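J.: make a model of this:
(chains A, B, C and D, ligands or ions: 6)
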Amino acid sequence: MSVVNDLSICVATANGSGSASSNNILFKSIFKMGIPCSSKNMFPSNIQGLPTWYQIRANGDGYLGRKDVIDVMVMFNDDTSDKDIYRVRDGGLIIYDDTKPLPDDLKRDGVQYLGVPANALVQKHVEAGPLRAKQRNMLYVGALAYLFGIDMETIREVLSDTFGNKPAVIESNLLCIQLGYDHMRDNNLSQSIAMLETIPGGNEGKIVTEGNTACALGAIYGGVTFCAWYPITPSSSLAEALERYLPRLRKDKDGKNTYAVIQAEDEIAATNMVAGAGWMGARAMTSTSGPGVSLMNETLGLQYFAEIPGVYFIIQRGGPSTGLPTRTQQADIQLMHVASHGDTRHIILIPHDMKSSFDLARRSFDVAERFQTPVFVMMDLDLGMNLWGSDPLELVQEPFDRGKVLSQEDLDQQGSFARYLDVDGDGIPQRTIPGNRHPLASYFARGSGHDSHARYSEDEKDYKETLDRLRQKYETARAFVPKPLVEYDADNNAGVICFGSSAEAVREARDRLRASGLETNHLLLRALPLSEEVREFMAAHEVVYLMEQNRDGQMAAIFREEFPEFATRIVSILIYDGLPATAGEIVRQVEQHREAATNGIETKVDESWQKQIASI
Amino acid sequence: MSVVNDLSICVATANGSGSASSNNILFKSIFKMGIPCSSKNMFPSNIQGLPTWYQIRANGDGYLGRKDVIDVMVMFNDDTSDKDIYRVRDGGLIIYDDTKPLPDDLKRDGVQYLGVPANALVQKHVEAGPLRAKQRNMLYVGALAYLFGIDMETIREVLSDTFGNKPAVIESNLLCIQLGYDHMRDNNLSQSIAMLETIPGGNEGKIVTEGNTACALGAIYGGVTFCAWYPITPSSSLAEALERYLPRLRKDKDGKNTYAVIQAEDEIAATNMVAGAGWMGARAMTSTSGPGVSLMNETLGLQYFAEIPGVYFIIQRGGPSTGLPTRTQQADIQLMHVASHGDTRHIILIPHDMKSSFDLARRSFDVAERFQTPVFVMMDLDLGMNLWGSDPLELVQEPFDRGKVLSQEDLDQQGSFARYLDVDGDGIPQRTIPGNRHPLASYFARGSGHDSHARYSEDEKDYKETLDRLRQKYETARAFVPKPLVEYDADNNAGVICFGSSAEAVREARDRLRASGLETNHLLLRALPLSEEVREFMAAHEVVYLMEQNRDGQMAAIFREEFPEFATRIVSILIYDGLPATAGEIVRQVEQHREAATNGIETKVDESWQKQIASI
Amino acid sequence: MAKTNRVDLTERDYKGAESTMCRGCGHDAISASIMRAFFASSVDPRNVIKMSGIGCSSKTPNYFMNQAFGINAVHGRMASVATGANVGNHAMIPLGISGDGDTSAIGLGNFCHMMRRNVNITYVIENNGVYGLTKGQFSATADEGTVMKGGKINDIPAIDLCELAITLGATYVARSFSGDRKQLAPLIQGAVAHKGSAILDVLSPCVTFNDHSGSTKSLKYIREHLDPLHDIDFIPPYENIEVDYEEGTDQEVTMHDGSRITLHKLGHNYDPTNRMQAVTALHAAVAEHKFLTGLIYLNEERAEFVDDLNLCDTPLAYLTQEQVQPSPSYLDEINAELRK
Amino acid sequence: MAKTNRVDLTERDYKGAESTMCRGCGHDAISASIMRAFFASSVDPRNVIKMSGIGCSSKTPNYFMNQAFGINAVHGRMASVATGANVGNHAMIPLGISGDGDTSAIGLGNFCHMMRRNVNITYVIENNGVYGLTKGQFSATADEGTVMKGGKINDIPAIDLCELAITLGATYVARSFSGDRKQLAPLIQGAVAHKGSAILDVLSPCVTFNDHSGSTKSLKYIREHLDPLHDIDFIPPYENIEVDYEEGTDQEVTMHDGSRITLHKLGHNYDPTNRMQAVTALHAAVAEHKFLTGLIYLNEERAEFVDDLNLCDTPLAYLTQEQVQPSPSYLDEINAELRK
Ligand SMILES: Cc1ncc(C[n+]2csc(CCOP(=O)(O)OP(=O)(O)O)c2C)c(N)n1
Ligand SMILES: Cc1ncc(C[n+]2csc(CCOP(=O)(O)OP(=O)(O)O)c2C)c(N)n1
Ligand code: SF4
Ligand code: SF4
Ligand SMILES: [Mg+2]
Ligand SMILES: [Mg+2]
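T.: Numbers count the residues shown, from 1 in each chain, chains lettered A, B, ... in the order given. Ligands and ions are numbered 1, 2, ... in the order given. Sure, this is the predicted structure:
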């Protein structure tokens, strides 16, 4: 057997069947062996009984994007078996419950089948009760452990990490895992796809977490004091992580809270509570996903126009409308970019891994207060809810930037104050917060027309001045927001741009393209507005592949709007079926474009893009 | 005196002071003299006491856009006089109430002042009572009539048209007008700016109306049966026009209504009522403006994804947020274009005058039903609420297009039905409406993932298929939506594109540019998505001036998104101070661009655009 | 052969797709009562429109009456969708299904206004006190003091949707329990026969997220705190059943379509046509931690919304171009007016 | 010299920008009562936050107490903005102004939830039964049968905001009339002293769009249908005034901060601490076409929202980095947990 530590396993079960727990044990065990690995949970928008797939990738080279092909399918959901047998690659392996014989229509050529009589075994060995059906899933963990060489000792460790104080649970799980393991061993079953081998020191010091948790922790370290939210997948777990960590990290000496988390009655309430709290000077946030952004649209405009800070964590899911609420996508970009009616442009921060989720979440409050405006932290389900191995979260210690807040002393010194006056030429005015008792301090905030003194005004000059200053502020932000991460070699003509959860798949895709002769430069976008560095990157390449997870090339539209001179250089790579991006699909689209370009079938880059949209 | 029939009069009064009535008489009288004229009402977001300006333009050449300069200022609002004296052009005329002497600080060089003791005269001649203060405004009508030659007989006609059945009102108004007239005559006061002269046969057959009324009538002739709306300026008058005309035009033989108009409790209710009614097969509409669009955002996505027809009349006003609710703008374009979260693209119809308001309003229901999607009719305050002289509204008689609605008989014949199947390859599926009792007819509409049979599905292939089909539908719409109106001469290198209420100002600007040596071609855009004709126009010009009434060049962004190959050809002409566009400002911006281009200060078109945004 | 009803349908004809609720979920039991009620009342599913918002509860319209048109709209807005649908085609029989989150949180305002208009609908709230589909957060009907699965305690009083419904003008207001099909089915029949907003607040345990001890919406807690007002029967207009009424114990209400609802009082001396008594009783029940069930309020006097609108008989959706496009001569008339 | 209050301010210090209401608009009269009440209660405007939605009424916070911070938010969402603001800095005194459209139409849901949480606020609804700023359409407090300026008749019953407030859990509920400053000012003082949601539904004629005959919110109609429950006085905590109470006629309620409200009954035998009585009385008043005014309901027991949140004493907005950023060592701890 030649292949070591390169494997993808997909477990097909039904929601609520207990597989969440067995999948977690499986994944953590591989992680503990020191093998770089990631997991993607394709769960249904339902609580019990609908199909769910859990895809683990173990890869010694450290590629953590979803693998294009499935090597092993654990076929534990009768409802989807007819399709699942075709999800596994040729030469792959299917593990199934052979308590009953496999029906003929589930037999397929070119793959190996290995059975484990999971139902029969649990019926025999596990006490009857509500848990028995759930325990059945532990059997495939054992079977896989035997077949691929997952260390039983490690599994035991993971079990005790997971169920620390419940020895009975540990024991019964272990029993079932052992049953699966023994069945494979005793029947001399084996496979020839790959083996997993412990990498000593691998994953040393690393953590496993999801982006939503990292964001919540970032917000806490960023000094969030106010969160109003409304439950919605896939963002709820962010607010729930806040609710989990805050009581521990943020009590004052009297045991009182230095924060408030409010479950609002809807997203409109949530955004307006954020506006109210932000106006008062609290570091206020919400988290939501697409439908929530749509509902928050009106008040985002109020915050933009009245210049009230607030942080909006947006965990994107499959749209439009209710769409696929438990699948991933990056299709709310344009909505965030121009959210609300009238001329608005919003700042968007874009994490791409666990550390940047923590870091940008922390900094988002500084950006919001500096620019006195709503700031989006754009996540997606893949980043937010899937488990990612990562270096530990790291706190950059620096003072909070509260922006241009004037204290009573400042007002005394300055002797004057106009809330919406551009004192510094950067479009950002000064601000006071309620509680400031200086006679100059108070002002009247409003979403209607106003002059630089915050007085009601319908005067066209005041109005245009305000609009222009707001645009100026956005221009100022270009140099302030997180810079892109760039890999550049002057020899390369082609560039690749991506952002968010695509980073891993793109890294792998670039390596593969390199292997097939195409060296690319890379820009990992971390914020809007687009900065000078992005412009330079565009200027330096003849072709730029802009990879995003939506149908319409939403980020490409923003690039074309902002850099018309480079509009034709952009070739969109679009993945939008709701599944996490894979390197293979990226490579396929890039090569398709290159082929078309060299064959002259499509000479103009932009037209190929148009066609692609129209014909797929 | 050389100038005839070229005049702009601006009347400055306070809201609720009765000037609406006197201004109307003034405008209608000029219109009745046969002189092409338009009026722009710059009214406050308030009911009584705030400044309001009414600007009339009379122009024998038929230019109806707002005039750049004010020839005559009727200064009847003390609160704004200090600024109003500077609004009038050098050499212009100020009419003021000289009951009390003019304070020194309101004296300005280079303009002529003529007083009419309006207060004193009404006090003397009009009975004390609540109406007296309002009648005062009639005096400037009389004064202007004398000074500029407005025919008193015509005024009398207009009075009786307006107050037909109230002879007392006619008399008292006439008295006051005569007082103003006589004062000027008796004191031998005169001016040398221009005279108004009756144009025999001028305005023959023409009507005077606002776009909102034209839209309402269009909707009625388009067969609207359902309207849910929520009051908001400047859209309320559209729904109110429906409520005015429907009872007269749409009772059945039993005196019952063939329509329903519901004043909803908010815009969210309104849009969802439209969705409910549209789903049932009623021709459903709403009308709103920016804040309403923001609130309707979520359900627009439902209608897009579940493919439910509905017509959205959007009368744009100054944004963002509450902004300037009584001023005009075209700044909700991008919001409409991509309204709601997820990948959406919406159809937008864009009237530019009274006839097209009627016509596109009527056709919008056909488009909505044909494409089974929300359709926007994009208006703005200038078009919707100001009075425009126009050829009479005209009904093109053609059968309603209900789109692919299948009857019971159709189903019998076809023998099968899948609600979301692309039977014809145009992306548009077939539809049944409730009440169809065929066993195949019923289906379950939803905003969540579904397959072609409208069954719940989270399958990635079903999902992508749906998204792609929806995009295909949008592509189909390109050839279906109203074509642009194009003026083209192969000799010209420069093109001008505009849409909506800008059409008049652009027409005049092009004439002026021609006079100064720049011949331009023209495209009047009437819909999104952009059609092949628009692409051809872009391809045919080196420079295209794209004129729009917003800060960020929102339509330009859409052009750059859709036509990356022409992205750099676009030069944005942006007017966004809330006032109706003027030819002068357009010419100024075009010439500024040309100068910069020839001087080589800004070589790249697109950069000049960027800079312009940044620096104004 | 299976038993058929007056429209020649069997119980099977009232079935829908297979449910995806958790096993034991109260919502499934409500679906069963709905099927039974519509069968019993001989309502042809093809005359019904099924509408819902978003949530576990809102998924259920897919699980009954396949032959009815259905819509699963956005979260909290079914009341408005139903208003539009009812006006768009008033000949269809509107059935709305919602959750407590859907109705009492995000949808509260629009729900109130639907009732204020007295829009004709049978509006069933499958009330489990939590957001099932998003995994167990409190909704606005979570009782004060109830405990979330994770241990969190609710400090805020519940919205009593029946009291609210009466306050806002709903004309048929009932509370029931998913497990009490004997009571629930006739209540649904009555709601369908009623013309106007019929609100059914049905306690429906979420066995996955709100069935633990400490919860006031667990199956056990509900069962122990039920306080039915009366035994209830629904008699369709075409049935000439003579019922023997006991003076003071039984009450019969005749509805506009001739249906009758008979109430056999259980201990309570309760008249559902008395608005103030209804509010008082509800209020007292909260204080005593009881779930009062039965027909709580009924008003057969108030006109339904489409009557206020003076609609023509043909449903709006079915009007033809001939019926809705005014003649061009009217446009000439209007043009003439606009010349003035 | 002008009279000063206990914080050394004169009545002038409570003024704002010049009003832009129509002459005679009820809203201006309410502003005057607000200024009087805050002056009389010696509240420093710098401790006040003024909040509103959109509408004529919502413009008025600009017309009093210039020294207070203010916000004119979007239509119908002041209740939510106020919730955020109250929690963001609970040391400020929240005053919200809204219109009947703002509150009872677009804002209804969020308004209900604010009351359900018992957020501390003095929430004044300037109720004229129409949308003033958009020129006179009916709002949801337009009474059944009332006539619009153009002649249209309203078919739908009004939402009684006081009844709704009591149903939803508001703890201080009053109705008054813009023209009755003697009653309104002490009611506002009481509301400010009260900790929790204090809802004041103040009839406030729109002289421009809703003052014609046929309207049930015209100045004349209101005056003729007023039915005050009691004469009311507010006694701040620092005043030791002894009042002679008449048994059965007078009632005194002491508030948490020691303020006292005294009620001198007018005919009615009415106890505002009795919830059911309050609802019954309101309901009866509607039937009799009367506007019951006075302190309708008071509950000094229920905790205000920020108490449920167990907030630290320093307002959240004023916490420093030191107070809110956990030490890095905690992050190490968490990283260690995430290794498991
Ligand atoms: C605008 C919007 N916000 C949030 C959600 C997420 N969401 C889905 S269902 C639900 C709550 C459902 O609760 P309930 O109505 O009580 O139904 P149940 O699942 O308990 O039956 C929420 C918040 C959504 N779909 N849309
Ligand atoms: C989202 C939104 N919809 C509609 C409007 C238009 N609008 C402004 S004020 C108003 C009604 C105000 O009525 P009310 O609250 O009763 O105040 P009043 O003017 O009568 O004092 C409306 C509908 C708006 N500003 N925002
Ligand atoms: S989660 Fe609760 S409400 Fe949802 S299906 Fe399961 S038991 Fe029912
Ligand atoms: S319109 Fe009515 S509510 Fe508005 S200011 Fe005038 S009188 Fe007051
Ligand atoms: Mg629920
Ligand atoms: Mg009002």
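J.: hey, C-alpha coordinates of stretch A:92-107 in PDB?
T.: Output of stretch A:92-107 as PDB, limited to C-alpha atoms (Å, rounded to 0.1, in the frame of the first residue of the first chain):
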ATOM      1  CA  GLY A  92     -13.200   3.700  -3.700                       C
ATOM      2  CA  LEU A  93     -14.700   1.900  -0.700                       C
ATOM      3  CA  ILE A  94     -18.300   1.700   0.600                       C
ATOM      4  CA  ILE A  95     -18.900   0.700   4.200                       C
ATOM      5  CA  TYR A  96     -22.500  -0.300   4.900                       C
ATOM      6  CA  ASP A  97     -24.600  -2.100   7.400                       C
ATOM      7  CA  ASP A  98     -24.900  -5.700   6.300                       C
ATOM      8  CA  THR A  99     -27.300  -6.800   9.000                       C
ATOM      9  CA  LYS A 100     -29.500  -7.300   6.000                       C
ATOM     10  CA  PRO A 101     -28.000  -8.200   2.600                       C
ATOM     11  CA  LEU A 102     -27.300  -5.300   0.300                       C
ATOM     12  CA  PRO A 103     -30.200  -4.900  -2.200                       C
ATOM     13  CA  ASP A 104     -29.100  -5.400  -5.800                       C
ATOM     14  CA  ASP A 105     -29.800  -1.900  -6.900                       C
ATOM     15  CA  LEU A 106     -27.200  -0.600  -4.500                       C
ATOM     16  CA  LYS A 107     -24.500  -2.700  -6.100                       C
END
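J.: for A:Ile30, what are its contacts?
T.: Listed by Cβ atoms under 8 Å, 6 or more residues apart in numbering or on different chains, the contact set of A:Ile30 reads A:Cys37, A:Ile56, A:Ala58, A:Ile150, A:Leu196. Yep, even glycine has a C-beta here, placed from its N, CA and C like the rest.
J.: turn those into CSV, columns for distance to B:Val486.
T.: Shown next, in CSV, are those (distance: Cβ to Cβ, whole Å):
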residue, distance to B:Val486
A:Cys37, 60
A:Ile56, 58
A:Ala58, 61
A:Ile150, 69
A:Leu196, 66
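J.: tell me the one of these nearest B:Arg370?
T.: Closest approach to B:Arg370 among these (Cβ to Cβ): A:Ile56, at 47.7 Å.
J.: what's the average pLDDT for the host helix or strand of the closest one?
T.: Following DSSP states H and E, one finds A:Ile56 within strand A:51-59. Averaging pLDDT along strand A:51-59 yields 97.
J.: wait, which of the contacts of A:Ile30 is closest to D:Phe111?
T.: A:Ile56 (49.1 Å).
J.: if we can go back for a sec, so how far is the strand holding A:Ile56 from its chain's centroid?
T.: 17 Å (Cα atoms, centre = their mean, to the nearest Å).
J.: partner strands of whichever helix or strand comes after that strand and their direction?
T.: Once the chain leaves strand A:51-59, the next helix or strand it forms, by DSSP H and E, is strand A:70-75. Applying DSSP bridges, strand A:70-75 is found paired with strand A:6-14 (parallel), strand A:88-96 (parallel).
J.: who in chain C is up against chain A?
T.: Within chain C, the positions lying close to chain A (Cβ under 8 Å from any Cβ of the partner chain) are C:20-23, C:54, C:56, C:59, C:72, C:74-76, C:105-106, C:108, C:131-135, C:137-138, C:140, C:208-209.
J.: what residues does the nearest residue to C:Val324 once chain neighbours are set aside make contact with?
T.: Closest residue in space to C:Val324, ignoring its immediate chain neighbours: B:Gly223 at 4.3 Å, by Cβ to Cβ, 6 or more residues apart in numbering or on different chains. Applying Cβ under 8 Å, 6+ apart, one finds that B:Gly223 lies in contact with B:Arg283, B:Phe365, B:Phe400, C:Leu319, C:Gln321, C:Val324, C:Gln325.
J.: contacting residues around the closest residue to C:Gly53 other than its chain neighbours?
T.: Excluding its sequence neighbours, the residue lying closest to C:Gly53 (Cβ to Cβ, 6+ apart) is C:Asp102, at 3.9 Å. By Cβ under 8 Å, 6+ apart, C:Asp102 lies in contact with C:Ser52, C:Gly53, C:Ile54, C:Gly55, C:Ser57, C:Ser58, C:His75, C:Gly76, C:Met78.
J.: ditto for A:Gly222
T.: Under the criterion of Cβ under 8 Å, 6+ apart, the neighbours of A:Gly222 are A:Arg283, A:Ala361, A:Arg362, A:Arg363, A:Ser364, A:Phe365, A:Asp366, A:Phe400, D:Gln325.
J.: redo the residues you listed as TSV? Include neighbour count.
T.: As requested, these are exported to TSV (neighbours: other Cβ atoms under 10 Å in any protein chain shown):
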residue	neighbour count
A:Arg283	29
A:Ala361	29
A:Arg362	24
A:Arg363	25
A:Ser364	28
A:Phe365	26
A:Asp366	22
A:Phe400	18
D:Gln325	21
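J.: nearest to chain D, of the contacts of A:Ile30?
T.: Of all those, chain D sits closest to A:Cys37, with 14.3 Å by Cβ to the nearest Cβ.
J.: now the residue nearest the centre of chain A. Its backbone dihedrals?
T.: Nearest to the mean C-alpha position of chain A, counting by Cα atoms, centre = their mean, stands A:Leu383 at 2.3 Å. Here the main-chain torsion angles of A:Leu383 (degrees, to the nearest 10) amount to phi -70, psi -40.
J.: the closest residue to chain D within the stretch 151-300 of chain A - nearest residue in space that isn't next to it in sequence?
T.: Using Cβ to the nearest Cβ, the closest approach of the stretch 151-300 of chain A to chain D is made by A:Gly276 at 2.8 Å. Among residues not flanking A:Gly276 along the chain, D:Gly84 sits closest, at 2.8 Å (Cβ to Cβ, 6+ apart).
J.: let me see the ranges of the helices in chain C.
T.: Remark: helices assigned in chain C by DSSP state H are C:26-40, C:56-59, C:78-88, C:100-101, C:108-117, C:161-168, C:181-193, C:219-225, C:275-287, C:305-308, C:321-324, C:328-337.
J.: contacts for the fourth one?
T.: Helix C:100-101 is contacted from outside by C:Gly55, C:Ile125, C:Glu126, C:Asn127, C:Asn128, C:Gly129, C:Val130, C:Tyr131, C:Ser139, C:Ala140, C:Thr141, C:Leu161, using Cβ under 8 Å, 6+ apart.
J.: let's go with 7 Å and repeat that
T.: C:Gly55, C:Ile125, C:Asn127, C:Asn128, C:Gly129, C:Tyr131, C:Ser139, C:Thr141 (Cβ atoms under 7 Å, 6 or more residues apart in numbering or on different chains).
J.: how about the contacts made by the residue lying closest to the fifth one once chain neighbours are set aside?
T.: It stands for C:Gly129. In space, C:Gly129 comes closest to C:Lys217 once its chain neighbours are excluded; the distance is 3.7 Å by Cβ to Cβ, 6+ apart. Residues near C:Lys217 by Cβ under 7 Å, 6+ apart: C:Asn128, C:Gly129, C:Thr146, C:Leu203, C:Pro205, C:Asn210.
J.: repeat that with 8 Å
T.: C:Asn127, C:Asn128, C:Gly129, C:Val130, C:Ala142, C:Asp143, C:Thr146, C:Leu203, C:Pro205, C:Cys206, C:Asn210.
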